[in-house]
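Asker: Give me coordinates for this.
(one chain, ligands or ions: 1)
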Amino acid sequence: MKREIFIGDVGIGGNHPVSIQSMTNTPTGDSEATLAQIRALALAGCQIIRVSVPDGDSLAGFKKIIAHSPLPVVADIHFDAGLAIKSIEAGAAGIRINPGNIGGKERVKTVLQAARDHKVPIRIGVNAGSLEKKYLHLNGSKAEVMVQSVMDKVKFFEDNDFLDIKISLKSSSVRETVTAYRLMDKACDYPLHLGVTEAGTIFSGTVKSVLGIGSLLLEGIGNTIRVSLTADPVEEIGVALEILKTLGLRDGGVEIISCPTCSRTSVDLIAMARQVEKRLASIQTGHKVSVAVMGCEVNGPGEAREADLGIAFSQRWGYIFKKGKMIEKVAPESAVNRLVELVQLETGSKT
Ligand code: SF4
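Answerer: I've put the predicted structure just below:
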């Protein structure tokens, strides 16, 4: 089991469930826009938010963000120990640095001292693309070298009596990422923040993240995740939640089951399944509720018999079924509304 740290009130490691984080992409100086994004992310299911503090000018905005954010805020810092310290003093719940680019060991020590004084955990984040020169010529695979780089930093932190650590070692290659995290998992007991960096657009980034993060989580590796997409960060949360729900690592919420459609399909099932998914995405339930959207009444109810609720279509009707048993029939044009209503009633989420 990994050690336990806390980012604000979110526990990471120990027995805590895998948490979801994201990063804002609005200018930090524009605290209103950034807070609006954080609120949207929180609503979607994000638990921890990272905000970059690129320069001294953004500190005023960063302070306002911390004061009003519904989520614990992690400061993302590059190159500047002074900014890291000021972000901690401003109330950051955590900071992310690459100790290799923060200006030498003495400066790192000053950051450790500030973090210790304010009980703020530090993520040691090493990326394959930004390894320091001294690691570039070491023998071994890139993954091994990344782990070596992290372990040197961990040793330095430990020598300075700082154990409030979490670790990430990301690469844009899925294979390299998975190999590096596997090695890291064996090498230490600090919680791991998983992600595939620069993963790409919604389509390619989702595929890469599901493969990289998903295969590690299946092996029991990883304590908190960030899906990186070149998109609105709210999209990242949808993918992250789906990964966790699919792997049984997140209770509750609605799981959509839908058939691929075929020549038996007589309605626009693709659009209907999308609508159902969208309208049920924010429902919070204590246990998972599965909802099926199936293209024909011949095979649909049977194929989705495990679903809590579902609908299957003939040419004229939509047949709503519950645990495989038909409970009512509706016209196709009112099918989505009625199904959503029944799920809301079933989950007690109808207001
Ligand atoms: S449920 Fe019916 S419409 Fe959907 S793929 Fe199966 S046979 Fe085709």
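Asker: Tell me which residue of this protein lies closest to the ligand.
Answerer: In the chain, the residue found nearest to the ligand is Gly295; the distance is 2.7 Å by CB to the nearest ligand atom. Placement of C-beta: from N, CA and C, glycine included.
Asker: my read: Val10 touches Ala42, true?
Answerer: No. Using CB atoms under 8 Å, Val10 makes no contact with Ala42, being 11.8 Å away.
Asker: Can you pick out the residue with more neighbours from the two?
Answerer: Ranked by neighbour count (other CB atoms under 10 Å), Val10 and Ala42 place Val10 first, with 19 against 16.
Asker: got the contact list for the more buried one?
Answerer: For Val10, the contact set (CB atoms under 8 Å, 6 or more residues apart in numbering) comprises 16, 19, 47-48, 72.
Asker: What of Lys119?
Answerer: Applying CB under 8 Å, 6+ apart to Lys119 gives the contacts Asp164.
Asker: what do you get for the one 5 residues further on?
Answerer: By CB under 8 Å, 6+ apart, the residues touching Ile124 are 97-99, 150, 153-154, 157, 165-168.
Asker: got TSV for the contacts of Val10, with distance to the ligand, neighbour count and secondary structure too?
Answerer: Listed next are the contacts of Val10 as TSV, based on distance: CB to the nearest ligand atom, whole Å; neighbours: other CB atoms under 10 Å; DSSP: H, G, I helix; E, B strand; the rest coil:
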residue	distance to the ligand	neighbour count	secondary structure
His16	39	16	coil
Ser19	36	21	strand
Gln47	36	22	coil
Ile48	39	23	strand
Pro72	44	20	coil
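Asker: Adding distance to Lys105 and pLDDT, write these out as JSON lines.
Answerer: Below are these laid out as JSON lines (distance: CB to CB, whole Å; pLDDT from 0 to 100):
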{"residue": "His16", "distance to Lys105": "32", "pLDDT": "96"}
{"residue": "Ser19", "distance to Lys105": "31", "pLDDT": "97"}
{"residue": "Gln47", "distance to Lys105": "33", "pLDDT": "97"}
{"residue": "Ile48", "distance to Lys105": "28", "pLDDT": "98"}
{"residue": "Pro72", "distance to Lys105": "28", "pLDDT": "98"}
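Asker: Can you name the next helix or strand after the helix or strand containing Ile213?
Answerer: Counting by DSSP states H and E, the element that carries Ile213 is helix 202-218. Going down the chain from helix 202-218, the next helix or strand is strand 224-225, by DSSP H and E.
Asker: Show me what that following strand pairs with in its sheet, parallel or antiparallel.
Answerer: Strand 224-225 has the following strand partners under DSSP bridges: strand 19-23 (parallel), strand 193-194 (parallel).
Asker: which secondary structure elements does the helix or strand where Glu144 lies contact?
Answerer: Glu144 belongs to helix 142-159 when elements are defined using DSSP H and E. Packed against helix 142-159 by the contact rule (3 or more CB pairs under 8 Å, 6 or more residues apart in numbering; DSSP states H and E) you find helix 105-117, strand 122-127, helix 133-136, strand 165-170, helix 174-187.
Asker: in the third one, what's buried?
Answerer: Okay, so that is helix 133-136. Using 16 or more other CB atoms under 10 Å as the test for burial, helix 133-136 gives Tyr135.
Asker: and that helix, what other elements does it pack with?
Answerer: Using 3+ CB pairs under 8 Å, 6+ apart, the elements in contact with helix 133-136 are helix 142-159.
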